[in-house]
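**Student:** Here's a sequence, model it:
(one chain, ligands or ions: 1)
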Amino acid sequence: MSSSADKVSAKPRPTIKAVRGTRDLLPDQTPLWNHVESTARAIFSRYGFGEIRTPVFEDTSLFSRSVGEETDIVSKEMFTWEDRARAASEKAQSLTLRPESTAGTVRAYIEHKLGESGALQKLYYIGPQFRRERPQRGRYRQFWQIGAEVIGPPSSGSESPLRDAEILEMLSSYLDALGITNWTLQLNSVGSSEDRARYNAALRDALAPIKDKLTPDNQRRAETNPLRVLDSKDDQDQALIAALPKIADFLSAESRVHFDAVLAALDACSVPYTLNPRLVRGLDYYTRTTFEFTVPSGDASGLGTQNAILGGGRYDGLSEMLGGPRAPGIGFAIGEDRLILTLQALHASGAPHLASEMWAGKKLDAYIAPLSPAQNPVALALARELRAAGLSIEVGEGTFKLRKSFDIADSLARHIILLGEDEVATNTLTVKTFATAEQTKVARAELFSKLRH
Ligand code: AMP
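**Tutor:** Below is the predicted model:
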């Protein structure tokens, strides 16, 4: 062997790790994710929602035109690249991994003319989103959202405050169904786009004389996007923010009536809420109702400072911003990663009401243990037959010692099936049920009904 080959084998190659801000979800975690998702599907469908799946990347201008150039998301957090043309017939294009899914959903609504039927569209999605944020607990660069949008022509009732209340009531039912009981719904109205424009102007005026006292990021926002200053979590800014004008004083009579109707419907459904006049949510497309569901911050909630588990609001002008027809709408996005962290923290603190199927996958029905390599093919054939009948089966190895087979079987399955020469010859199998420690001989024809229970 050459000496250079020796050198290669002596020095192991560096391993490749998941990219900063991304995570692997392993099989001991995915049952909880699946539970959270299947509960969402079950509950959303009771409200008439259907699933939409849009691409994970879109034309960059979709986000700059809807989310807004001046937002953190668009100005510094997007994963954007210049996609080269591969053929003369193609154009080079700036593409972006989606940082949220409302823009893509509304693009699809316009592209597929979903409004033309005249019916209200109720769409939900579950999928990964991408933002180049500073990773920390509860904040990732690839994260998952479960979201929904209600959108349609005004004649479909899409503007009705009842839609806002229904969405909020659905979210409260969903969180309750998961066993998350410590949520607070923070609610506000940012008014129509005209109300917002007047408020933005008033904020700009109020911020001008105190600008120098703000943190550098907010000094910039005070000019470019004054609403965003209200989102600041910085203590230095908080005291100054408290003295700024409130959006409630800038709402038109129409916006006020709409918001009051949302509150009345929530009261009728006994959904509790806290009015938060500072909750403006910085994205350009929001109008009227805005909301966030939070859980207590700190270690006990599992989220640290990232305690918003979902956010949303109305976006009555978004379709027009994207060149579409008038189509008022309202939607939300749940941070699935944060929902999971919250559930894990509740579980760790001993919350007794959480469903047990959240935490682990179900055990297999049976583990087949061939007693020598000669039985391996028969074991695989038996497994094939039982799986085809709908049972979940793992097959062991004839080289395993009996003790090892029992140990593995006990950790994976409810039964072990021993398959030796005798068993094959007599067409009977030895089956042990771990829960009762009962071991019996079972005729081949009886096997399925024995394993089912
Ligand atoms: P937003 O569109 O920013 O309001 O996001 C809606 C929800 O998604 C938030 O309330 C969070 O729960 C979640 N979320 C947003 N950004 C991240 C992130 N970088 N990592 C994990 N979850 C996030």
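**Student:** Pretty sure residue 378 sits against residue 424.
**Tutor:** Yes. The criterion here is CB atoms under 8 Å, and residue 378 meets it with residue 424 at 5.7 Å. Heads up, the C-betas are built off the backbone N, CA and C, glycines and all.
**Student:** So for the two, which residue has more residues nearby?
**Tutor:** residue 424 (18 against 15; other CB atoms under 10 Å).
**Student:** element containing the more buried one, please.
**Tutor:** helix 421-426 (DSSP states H and E).
**Student:** Quick check: buried residues in that helix?
**Tutor:** Residues 423, 424 are the ones in helix 421-426 that count as buried (16 or more other CB atoms under 10 Å).
**Student:** Does residue 123 fall in a helix, a strand, or a coil region?
**Tutor:** With DSSP: H, G, I helix; E, B strand; the rest coil as the basis, the three-state label of residue 123 is strand.
**Student:** How many residues are close by it?
**Tutor:** Applying other CB under 10 Å, we find 23 residues neighbouring residue 123.
**Student:** Relative to the ligand, how far out is residue 53?
**Tutor:** Residue 53 is 18 Å from the ligand, where distance means CB to the nearest ligand atom, to the nearest Å.
**Student:** Contacts made by stretch 339-353 with the rest, please.
**Tutor:** With contacts defined as CB atoms under 8 Å, 6 or more residues apart in numbering, stretch 339-353 is touched by 29, 32-33, 36, 137-138, 146, 178-182, 295, 300-303, 309-310, 354, 358-359.
**Student:** Now with 10 Å, please.
**Tutor:** 25, 29, 32-33, 35-36, 40, 137-138, 144-146, 174-175, 178-183, 293, 295-296, 298-304, 306-307, 309-310, 335, 354-355, 358-359 (CB atoms under 10 Å, 6 or more residues apart in numbering).
**Student:** In the stretch 151-300 of the chain, what residue spans correspond to helices?
**Tutor:** Here the stretch 151-300 of the chain has its helices, by DSSP state H, counting those that start in this stretch, at 161-178, 193-207, 216-224, 226-229, 235-242, 253-268.
**Student:** Please identify the most buried of those helices.
**Tutor:** helix 226-229 (a mean of 24; mean count of other CB atoms under 10 Å).
**Student:** could I get that one in CSV with only the CA atoms?
**Tutor:** Extracted C-alpha coordinates of helix 226-229, given in CSV (Å, rounded to 0.1, in the frame of the first residue of the first chain):
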residue,chain,number,x,y,z
PRO,A,226,-41.8,54.4,12.9
LEU,A,227,-44.4,51.7,13.6
ARG,A,228,-41.5,49.2,14.0
VAL,A,229,-40.1,51.2,17.0
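**Student:** which residues sit against that helix?
**Tutor:** With CB under 10 Å, 6+ apart, helix 226-229 has contacts from 68, 70-72, 190, 196, 199-208, 211, 214-215, 217-222, 237, 240-241, 244, 247, 278, 280-284, 286.
**Student:** Report whether it contacts the ligand.
**Tutor:** No. Using CB under 6 Å from any ligand atom, we find that helix 226-229 stays clear of the ligand, coming within 12.3 Å at best.
**Student:** In strands, which of the contacts of stretch 339-353 appear?
**Tutor:** 144, 145, 146, 293, 309, 310, 335 (DSSP state E).
**Student:** Tell me which two in the residues you listed are the farthest apart.
**Tutor:** By the measure CB to CB, 144 and 293 form the most distant pair in these, at 16.3 Å.
**Student:** can you list residues touching both of residue 378 and residue 424?
**Tutor:** residue 370.
**Student:** for the ligand, what are the nearby residues on the stretch 301-450 of the chain?
**Tutor:** Counting by CB under 6 Å from any ligand atom, the stretch 301-450 of the chain sits next to the ligand at 308, 309, 310, 311, 333, 335, 337, 338.
**Student:** Show me the beta-bridge partners of the first one.
**Tutor:** Here residue 308 sits in beta bridges with residue 294, going by DSSP bridges.
**Student:** Thank you kindly, that will do.
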